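1. Based on what follows, work out the 3D shape:
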Amino acid sequence: STVSSYPAYVYDSNSILYSYVENYKTYLSTLGVTATEARLITKEELEGLGCGSTCKSAPSWVYATSYWVGSAYNASLVWYVFSDGSFDVYSYSNSNYFGVRPVITISKDYL
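-> Below you'll find the predicted structure:
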C-alpha cells in the first residue's frame, strides 16, 4: 500500500521474509560476526551482476540456488532467481517455491 510505482524494492519489516533474514543476522552474531545490514538483493543489483532475461550470463553463484528478490514487478508479482538461471516474476502468494538468500553487510575487519 506504500508503493506508488513499479518496479519497486518492497523488502522491509512488512515482508513475509523479514523474520527469516533478521533471524539469520542474529545467528551470525552468535558466531561473533556483527552484520551492519541484512536484506534481500535488488533487481538492479542482479542486473549489475549480469542478469537480464536470465541470469546465465552472471557468475554461477548467483543462480546456484532458487530465491526471492526484494523487488516487485507489480502489486502481485515479485522477482525471483531459479537454480536453472531463470530470472523472472512470480506471484508472492506461492511462497513455497523459492528460498531466501540474504545480502549481508559486514565490516571489513571480518574479512
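2. I'd like the next helix or strand past the lengthiest helix in the chain.
-> Determined from DSSP state H, the single longest helix within the chain is helix 18-30. Using DSSP states H and E, the next helix or strand after helix 18-30 towards the C-terminus is strand 35-39.
3. then that next one to PDB, C-alphas only?
-> Taking Å, rounded to 0.1, in the frame of the first residue of the first chain, the C-alpha atoms of strand 35-39 are listed here in PDB:
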ATOM      1  CA  ALA A  35      26.200  -7.600  10.400                       C
ATOM      2  CA  THR A  36      25.500  -4.000   9.800                       C
ATOM      3  CA  GLU A  37      22.700  -4.800   7.300                       C
ATOM      4  CA  ALA A  38      20.700  -7.800   6.300                       C
ATOM      5  CA  ARG A  39      18.300  -7.600   3.300                       C
END
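4. ok, and what's touching the helix or strand just after that strand?
-> Following strand 35-39 in sequence order, the next helix or strand is helix 43-48 (DSSP H and E). Contacts to helix 43-48, defined as Cβ atoms under 8 Å, 6 or more residues apart in numbering, come from residues 7, 9, 55, 58, 62, 69, 71, 79, 81, 87, 103. (C-beta placed from N, C-alpha, C; glycine too.)
5. Low-confidence regions, the chain specifically.
-> Within the chain, the ranges that satisfy pLDDT under 70 run 1.
6. at 80 instead, please
-> 1-2, 4, 94-96, 110-111 (pLDDT under 80).
7. Okay, strands next: where are they in it?
-> In the chain, the segments counted as strands under DSSP state E are 8-9, 35-39, 67-72, 77-81, 87-91, 103-106.
8. Need the ones you listed in CSV (columns: distance to residue 45).
-> Formatted as CSV, these follow (distance: least, Cβ to Cβ, whole Å):
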stretch, distance to residue 45
strand 8-9, 10
strand 35-39, 10
strand 67-72, 9
strand 77-81, 11
strand 87-91, 12
strand 103-106, 8
